[in-house]
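Chemist: Okay, structure incoming, though there's no sequence with it:
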Ligand code: URA
C-alpha cells in the first residue's frame, strides 16, 4: 500500500518533504499565470504617467522591461513578444544628433567642445574624460585608434598607456612623433566600461564626430589602427588581417584622403611576431607621405 504524503502528513512533515525534494523558496499559496496580459502603456500616455511607470534614473532595468504597445492582432490572451528598447540614458543622444552636432562645428576647438557637451549616454557618464586628441594639429598624418583605455581615460589623452608607448617607439623608429608630425585620436572618445570593444551602437553614434574630426584636421594621410577603426572608417566587414597594409581612400567632406589600416599596437603587444608587418606598413606610410 502506498501512502500519499501530501494528504496524510502534518505541516512540519510536509515542509520537511518539500525541502528534501529540493524546494528552497516559499512563493505563494496560489499559482501565477505569467502569460496573462498586463496593462499596456501606450504612446498616448502623458509623459508624467509614463515616467511614473518607469523611473528615468534606473536605465538598465527600465530599458529592457518597458512595455511595448500591443501588436496588431494581439488578443491579450497569449504570450507577447517583447522588444528590447534601450532608453536614451543608456544609448545617448544617438547618431542623428551626433551628425547634427558634428556638422555644426567649424574648428577642432568647436568639435572638442561639442563632444564634451554631447549626451553620450552611459558610455560617457561612466568615463572620467572625453579623450579628444593629442599631437600636432595640422600634421600631415592623423592616427585613428579604437577607444581610450584606463590610462587614457585617467589622463584625458589618446595612446598614453602601454600600447601608446609602443606606438611612440614605432613612430620614433620611422622618424615621426606626435610632438612633430603626427596627430592622434580615436573612433570612440570615451572609455568603454571594462575596456570592452565598443559595440556597434556606440561606434555608429561616435562615427560622425571622428569623420568631422578628420575633415577639420585636414591630414594628408590617415593611419587606422586596429579592426574597429578600419572597419568603421572604411565601412567594411573585412577583418584587420585582410585589411592591413592595403592603401585605401577616405572620402570625407568631398575630399579624398589617402589612408591605410594597420595592426593596433595593443595587438602587437600580445602578438609580437606581427611587429615585422607593422614595421613594413609604417615604412609604406612614410613613402606614401613623402609622395603626397
Ligand atoms: N587604444 C586605443 O585604441 N586608443 C587609445 O587611445 C588607447 C588604446
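Modeler: That came through fine. All values reported here derive from a predicted model rather than from experimental measurement.
Chemist: What is the neighbour count of whatever residue of the stretch 151-292 of the chain ends up closest to the ligand?
Modeler: Residue nearest to the ligand within the stretch 151-292 of the chain: residue 158 (3.5 Å; C-beta to the nearest ligand atom). All C-beta spots, glycine's among them, are computed from the backbone N, C-alpha and C. For residue 158, the neighbour count with other C-beta atoms under 10 Å is 27.
Chemist: Am I right that residue 168 is in a helix?
Modeler: Yes. Under DSSP: H, G, I helix; E, B strand; the rest coil, residue 168 sits within a helix.
Chemist: Surely it is in contact with residue 178?
Modeler: Yes. Contact criterion C-beta atoms under 8 Å: residue 168 and residue 178 qualify, at 7.1 Å.
Chemist: neighbour count winner among the two?
Modeler: Between residue 168 and residue 178, counting by other C-beta under 10 Å, residue 178 is the more crowded of the two (22 against 19).
Chemist: Tell me if the more buried one really is in a strand.
Modeler: No. Residue 178: not assigned to a strand; according to three-state DSSP it is coil.
Chemist: Show the pLDDT at it.
Modeler: Residue 178 is assigned 98 on the pLDDT scale.
Chemist: what sits against the nearest residue to residue 119 once chain neighbours are set aside?
Modeler: The shortest distance from residue 119 to any non-neighbouring residue, by C-beta to C-beta, 6 or more residues apart in numbering, is to residue 93 (4.1 Å). Shown in contact with residue 93 (C-beta atoms under 8 Å, 6 or more residues apart in numbering): 101, 118-121, 205.
Chemist: which ones among these are found in helices?
Modeler: 101, 121, 205 (DSSP state H).
Chemist: The last one and residue 199, how far apart?
Modeler: I take that to be residue 205. 10 Å (C-beta to C-beta, to the nearest Å).
Chemist: who has more neighbours, these two?
Modeler: Using other C-beta under 10 Å as the criterion, residue 205 and residue 199 rank with residue 205 on top: 26 against 11.
Chemist: Can you name the residues that contact the more buried one?
Modeler: So residue 205 contacts 91-95, 98, 120-121 (C-beta under 8 Å, 6+ apart).
Chemist: State the distance from it to residue 245.
Modeler: 29 Å.
Chemist: And for residue 134?
Modeler: 25 Å.
Chemist: The two: who's more crowded?
Modeler: Per other C-beta under 10 Å, whichever of residue 134 and residue 245 has more neighbours is residue 134, with 20 against 16.
Chemist: related to what we said a few turns ago, possible to save the ones in helices among the contacts of residue 93 as TSV with distance to residue 290 and pLDDT?
Modeler: Below are the ones in helices among the contacts of residue 93 laid out as TSV (distance: C-beta to C-beta, whole Å; pLDDT from 0 to 100):
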residue	distance to residue 290	pLDDT
101	36	98
121	42	93
205	36	96
